[in-house]
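[1] have a look at this prediction, sequence included:
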Amino acid sequence: MNKLIIKIIFVIYIGFTLSCSYTPLFSGKNYNFGFEQINFIEEGEKDANRIIKNKFTLIQQVNDKKLKKYIISIKTSKVKKIVLKDSKGDPVKFELVLKANYEVRDNEKVIVNKEIERKNIYDNNSDKFKLKEKEKIILENLAGNISDMILTSIIILDDN
């Protein structure tokens with residue numbers, strides 16, 4: 001029995017000491033650029049805008065004059081569609097589509113002008129509160145994915 005406890009403690013100790021350290025993909029990196037300004041079009045999806053802006057605030061402030069300064073304008077839109085209905089006509093599956101049109105400028109010259117679209121299909125839930133929470137999580141994931149793609153496109157542009 002004692003040997004079993006010692007083995008379990010040893011495995012847990014090894015697990016804690018050798019476990020990989022998780023770091024978010026784009027945080028804590030030194031980029032060769034920054035955002036002088038981040039503009040969102042007013043009629044865009046407010047929750048998605050908030051998520052994207054929070055991701056970009058880490059690199060928004062540029063104090064070093066050697067770094068490139070970009071101005072980015074983003075317009076987001078969200079569409080919720082019924083994908084599948086049952087025999088009674090009640091929705092069974094929904095699709096949430098999040099689009100982002102963005103433009104990156106450097107000294108009033110447009111460098112990038114693209115549209116990104118991300119989709120997710122999910123099941124309906126009879127509990128409307130749980131359905132809203134699920135939609136909120138999906139929207140956060142889609143907006144996070146879009147912000148990562150925008151940042152990646154700027155990194156690739158900056159490397160060239």
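    Alright, I've got the coordinates. Numbering: from 1, shown residues only.
[2] from here on, contacts and neighbour counts on C-alpha atoms
    Will do.
[3] show me where the protein has strands.
    Ranges of strands in the chain, per DSSP state E, are 33-40, 68-85, 91-106, 109-123.
[4] and residue 130, what pLDDT?
    Residue 130 is assigned 93 on the pLDDT scale.
[5] longest helix anywhere in this structure?
    The longest helix of the chain (DSSP state H) is helix 128-159.
[6] report the angle between that helix and strand 91-106.
    In terms of direction (axes from the mean of the first three to the mean of the last three CA atoms, to 10 degrees), helix 128-159 departs from strand 91-106 by 30 degrees.
[7] what packs against helix 128-159?
    Counting contacts by 3 or more CA pairs under 8 Å, 6 or more residues apart in numbering; DSSP states H and E, helix 128-159 is packed against helix 46-56, strand 91-106, strand 109-123.
[8] what bits of the chain have low per-residue confidence?
    Along the chain, the model assigns pLDDT under 70 to residues 1, 15-31, 59-66, 158-160.
[9] who are the contact partners of the residue nearest to the spatial centre of it?
    Among the residues of the chain, the one closest to the centroid is residue 144, at 0.6 Å (CA atoms, centre = their mean). Contacts for residue 144 (CA atoms under 8 Å, 6 or more residues apart in numbering) come out as 51-52, 55.
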